[in-house]
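Visitor: I need the structure of the sequence given here:
(chains A, B and C)
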Amino acid sequence: MAAPVASSEERPLADTARLRRHYAMRAVLGRVSLYLVAILAALACAVPFVWSTLTATKLNADLYNPNNNPFLYNKPPTADHVMFLFNNTAFTTFAWNTLWVGLLVVLITLVLGVPAAYSIARLNRPWSTPMGIAIFFVYLVPPSLLFLSLSRIVVAAGLQDSTWSLVLIYPTITVPVSTWLLIGFLKALPRDIEEQAMVDGYSRLGAMLHTILPLLFPGIVAVIVFAFTLTASEFIYALTFISPTQEKVVSTGVPTELIRGDVFFWQSLQAANIFVAVPIAFVFNLFLARFISGFTMGAVKG
Amino acid sequence: MAELVRDAPRRQELDGTRRRLADRDGFLAWIFLVPTVVYIIVLVAIPFFLAIAFAFSDVTAGNPSYDWVGLENFSRVFDDPVFWQALRNTFVFTAISMVLIVVFGKVLAMVLVADFRGKWLVRFLVLLPWTTPVALSSITWLWLLHSIYSPIDWVLRNVGLIEDNSYFLGKPALAMGSVIAVHVWRLVPLAAVIMMVGILSIPDDLIEASRIDGAGFWRRLFEITIPLTFPLIAVAALFGAIFTFTDMAVVYVLTGGGPTNSTHVLASWSFVRGIGGGDIGQGAVIALFLFPLLLAAAILILRSVRKMETI
Amino acid sequence: MSVTVEVSNLIKQFDGGHVRAIDDVNLAIEEGEYLVLLGPSGCGKTTLLRTIAGLEQPTSGDVLIAGSVVNGLPPRVRKVAMVFQSYALYPHKTVLANIVFPLKPEKLPKQERESKARWAAELLGIDQLLDRKPRQLSGGERQRVALARALVRAPHVFLLDEPLSNLDAKLRASARDELKRFQQRVGTTTVYVTHDQAEAMGLGDRIAVMDKGKLRQLGHPVEVYDDPADTFVATFIGSPPMNLVPRDGTLVGFRPEHLLPVSHVTGERVDVTFHVDRIEHLSGDRHVYGTVSGLGEENRVIARLPATVTDPVTPGEAHAFGVNIDRLRFFGAESGTRTEPIRVDAKHG
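Guide: Reported below is the predicted structural model:
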């Protein structure tokens, strides 16, 4: 591959036509392999979901026949199982619970995390660095170590079997890691900008609100996405703290409602998967586009 | 014009203004940090020490009174071969997933920063595994790996690779492979996004300079992109490790620790003993093993990041 | 002339006292003056500027602005304007929003804010750029936006931190001229930090030369150039720097342009033998490198011959050169500070 490059100096100029063809080929090849990898990656990630969508609308007689092609409708599709999910289970309640718990947790995370990160990254106290490290290590304390004692605290707080227990506890997962992420983003912002604002007549707080917060946008987006997905995915606490159906969130409610003993309501389970996965991914893809453009516009570099 | 500039009110302001609290770095530094610190102390530090205390007690779900039992829980846990199996599994799962997550994540990150048609759709599809609650996607995988109806088996059967079904979750080795595969599938998008940030922050002129210097794709990858983004690659690896190490949902949903406890990890085994079996003392002992291991891994990774950064 | 900015006995320590970034500096800047803080990087000039702005607090000593001690006051109440080396334009705001920004805390009505901002933009000739974002501007335009933003709040003093160092060489000359004309027009006291002695000589009403946290000399550009207070100033200012020749525990200094062939030295002069090694031709001048003997110890020196001196000078040969005796400066070999003239043998030309 490197051969034509290495010897190109000695080559007479007349040969550039050949070289040009060679590199044109290479460029085409590069594009083709890029598309190939992109398509493969998309398939690897998304096939379970595509297939979920198919399964969710299959008749029992279609699904429970090992000889039927699982990627096609062998019998006409049906919406019965999807209707069952919405009409006969508490799925909408679960989804709503996941949504408002997630949003509240994201909000709490930002309210606690942004000032804490700013304090550690920018206000230059002697304890700043050790505090930053300490906060990261807090993130390493896994839920599987804490859920036993936290369930006691939840009981003591009178939040047992209430979705609010998750609002109280989930920031223990999201705050440390978000603070740590935000410290990284803040350190990448030039100090000049806020010092300029301070000289321009703003207090330290005013400078932070007017200049640092807007520039921190990519970091805040990262935190929103990260905190929400962590919250929506969380399993141990949701399983431990809450047993009444009405208070459950998606990740515990769907399995317990639709897996009754050994009976799996397969199509409805797949439908639930799709109805949760697609909206979240859609919204986050919008965020991600902003996040990337925030980077490439040089907002971070100043 | 000079007059216009100069005649603004000036002098009276300087003397009268006292420093407001919003100007004082020391005050702000504390007030910004205190809520987070208090929150963490109450809901992480105290439960953490409570968990340690449980490990030395006979607290059970049925009998919540605290009695000191010394190391009894430890010896009961250590006598159980399932614990050692779970410990081994935790390491195997974490190590293999971490490597695969980093490699696939790197490839995916480079795809995501490239410019091509349909980028939006590809990014959307690629995000799905990470943004979906793990319990739900694991259930989908449960069906994909079903003993009778598995579509994967159907494909393999029709291609002619197998005669009978694979029973992915019925054989220990295949079950472990399945758990690892689901972890990797779920965490690669996250790793990709983290590494993407690294690639985006490499200055363009560096890449361009290396192109002019005659570096091809692979040389650029190994001599520019990977060394420069190493800190973020390490962070991606760290997150991959933490999520695999502490997660129990995949194991819980997919195999329930089976067949015959062969796929248990510390987190799921602790849950089974502590909540399922009601033996909170034992559950605490098992979970306690997670922390020092995680701490060691994190220190190791963060050290190497710092070393790279100072070069 | 009243004094707008004054620092007295100012000391600033970093790292718990291990580093003295500013070491007992006294400086009074007069109203409307253009003062240049000049020194090599790390000499404390930027720290001094930041201390005046209130971004750093002094370890001891006072900062006075418009007659009041402002120690401990936050930057926002000092009514100073600062232009950072990077220009620190707010990347998420348009040019207009950037210029309006300092007026917002003053609680002026919106219309007045805008009209002031437009006035400043017009003054700097950037009124057609008001809707752009900073990343769409060239280096020179960014500088003007930064200046307009500094101007709009009618500050007591402009603090400029190497504002030209991000511009390319060609732009720098015109931007320097623009800066000077701008300051003359608005008449605001200005403190200008630079490491570039040509900028300092060209812009400053007075120059304060700093090294290792200490103020070495304060004076008009001509004074600092002609009568340097010590060997640091003598060699830091001037390009090529002042020649120093050791003689009897003293250093005898003279500028390269004063070392000339004997026929061109008028008045009382001291004669030397100049062994020439090498000649550089720089925009009409000849820079001649070589060794002198006869003045003191043999030492390497540089002579700068203007285009009007056409005497042949050949590398490898010794020539009869001389220096006007009034042009000699004397420094203590140990201390480096100026000393009384010592006797040298002189001839009349």
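Visitor: tell me, how many residues neighbour the closest residue to C:Thr231 other than its chain neighbours?
Guide: Nearest residue to C:Thr231 in three dimensions, chain neighbours excluded: C:Gly336, at 4.1 Å (Cβ to Cβ, 6 or more residues apart in numbering or on different chains). C-beta here means a position set from N, CA and C on the backbone, and glycine is covered the same way. C:Gly336 has 18 neighbouring residues, counting by other Cβ atoms under 10 Å in any protein chain shown.
Visitor: how is chain A partitioned into domains?
Guide: Taking automatic domain parsing as the reference, chain A has its domains at A:3-63, A:82-296.
Visitor: please work out which of these is packed deepest.
Guide: domain A:82-296 (a mean of 21; mean count of other Cβ atoms under 10 Å in any protein chain shown).
Visitor: low-confidence bits of chain B, can you list those?
Guide: Chain B contains residues with pLDDT under 70 at B:1-20, B:214, B:307-311.
Visitor: report the distance from the lengthiest helix in it to the chain centre.
Guide: Longest helix in chain B by number of residues (criterion: DSSP state H): helix B:81-113. Between the centre of helix B:81-113 and the centre of its chain there are 10 Å (Cα atoms, centre = their mean, to the nearest Å).
Visitor: with stretch A:79-98 instead?
Guide: 23 Å.
Visitor: buried ones in the longest helix of chain B?
Guide: B:82-83, B:85-87, B:89-90, B:93-94, B:96-98, B:100-102, B:104-113 (16 or more other Cβ atoms under 10 Å in any protein chain shown).
Visitor: so which of these also contact chain A?
Guide: B:Val107, B:Leu108, B:Val111, B:Val113 (Cβ under 8 Å from any Cβ of the partner chain).
Visitor: where does the stretch 1-150 of chain C get nearest to chain B, which residue?
Guide: C:Pro74 (3.8 Å; Cβ to the nearest Cβ).
Visitor: so that residue makes contact with A:Gly206?
Guide: No. Using Cβ atoms under 8 Å, C:Pro74 makes no contact with A:Gly206, being 10.1 Å away.
Visitor: element containing A:Met25?
Guide: In this structure, A:Met25 sits in helix A:16-56 according to DSSP states H and E.
Visitor: gap between that helix and the chain center?
Guide: 25 Å.
Visitor: check which helices and strands the helix or strand following that helix sits against.
Guide: Next helix or strand after helix A:16-56 toward the C-terminus (DSSP H and E): helix A:60-63. Helix A:60-63 sits against helix A:266-296, with contacts defined as 3 or more Cβ pairs under 8 Å, 6 or more residues apart in numbering or on different chains; DSSP states H and E.
Visitor: centre of the chain to the helix or strand harbouring C:Gly61, how far?
Guide: If you go by DSSP H and E, C:Gly61 is part of strand C:60-65. Its chain's average C-alpha position is 22 Å from that of strand C:60-65, according to Cα atoms, centre = their mean.
Visitor: buried residues of that strand, list them for me.
Guide: C:Gly61, C:Val63, C:Leu64, C:Ile65.
Visitor: now swap in stretch B:140-152 and tell me
Guide: Buried-residue list, stretch B:140-152, by 16+ other Cβ under 10 Å: B:Thr140, B:Trp141, B:Leu142, B:Trp143, B:Leu144, B:Leu145, B:His146, B:Tyr149, B:Ser150, B:Pro151, B:Ile152.
Visitor: contacts for whichever strand or helix holds the first one, please.
Guide: B:Thr140 is part of helix B:134-144 when elements are defined by DSSP H and E. Taking Cβ atoms under 8 Å, 6 or more residues apart in numbering or on different chains as the criterion, the residues outside helix B:134-144 that touch it are A:48-49, A:51-52, A:55, A:233, A:235, A:250-252, A:254-255, A:259, A:264, A:266, A:269-270, A:272-273, A:276-277, B:129, B:149-152, B:169, B:178, B:182, B:186, B:247, B:249-250, B:253-254.
Visitor: in CSV: the buried residues of stretch B:140-152, plus distance to C:Gly202.
Guide: Formatted as CSV, the buried residues of stretch B:140-152 follow (distance: Cβ to Cβ, whole Å):
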residue, distance to C:Gly202
B:Thr140, 73
B:Trp141, 73
B:Leu142, 77
B:Trp143, 79
B:Leu144, 75
B:Leu145, 78
B:His146, 82
B:Tyr149, 84
B:Ser150, 81
B:Pro151, 78
B:Ile152, 77
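Visitor: and which of the residues you listed is nearest to B:Leu293?
Guide: B:Trp141 (26.4 Å; Cβ to Cβ).
Visitor: where in the chain is pLDDT low?
Guide: With no chain named, the answer covers chain A. A:1-14, A:293-302.
Visitor: ah, I was thinking of chain C
Guide: C:1, C:16, C:348-349.
Visitor: how about the residues of it that lie near chain B?
Guide: C:65-68, C:70, C:72-74, C:76-79, C:119, C:123, C:151, C:153-154, C:156, C:185-188.
Visitor: these in helices, which ones?
Guide: C:Trp119, C:Leu123, C:Leu151, C:Arg185, C:Val186.
Visitor: farthest-separated two in the residues you listed?
Guide: C:Trp119 and C:Arg185 (12.8 Å).
Visitor: so for those two, which sits in the more crowded spot?
Guide: C:Trp119 (17 against 12).
Visitor: quick one: C:Leu35 is in a strand?
Guide: Yes. Checked against DSSP: H, G, I helix; E, B strand; the rest coil, C:Leu35 lies within a strand.
Visitor: quick check, it in contact with C:Thr194.
Guide: No. Using Cβ under 8 Å, C:Leu35 is not in contact with C:Thr194, being 11.4 Å away.
Visitor: near chain C, which of the ones next to chain A among the buried residues of helix B:81-113 show up?
Guide: Applying Cβ under 8 Å from any Cβ to those, none is adjacent to chain C.
Visitor: so which residue is dead centre in chain B?
Guide: Centroid-nearest residue in chain B, with Cα atoms, centre = their mean: B:Phe243, separated by 2.8 Å.
Visitor: now that one, nearest residue through space, not along the chain?
Guide: B:Leu187 (5.6 Å).
Visitor: check which helices and strands the helix or strand in which that neighbour is found is in contact with.
Guide: Assessed by DSSP H and E, B:Leu187 sits inside helix B:172-200. Secondary-structure packing of helix B:172-200 (3+ Cβ pairs under 8 Å, 6+ apart): helix A:16-56, helix A:266-296, helix B:81-113, helix B:119-131, helix B:134-144, helix B:230-246, helix B:249-254.
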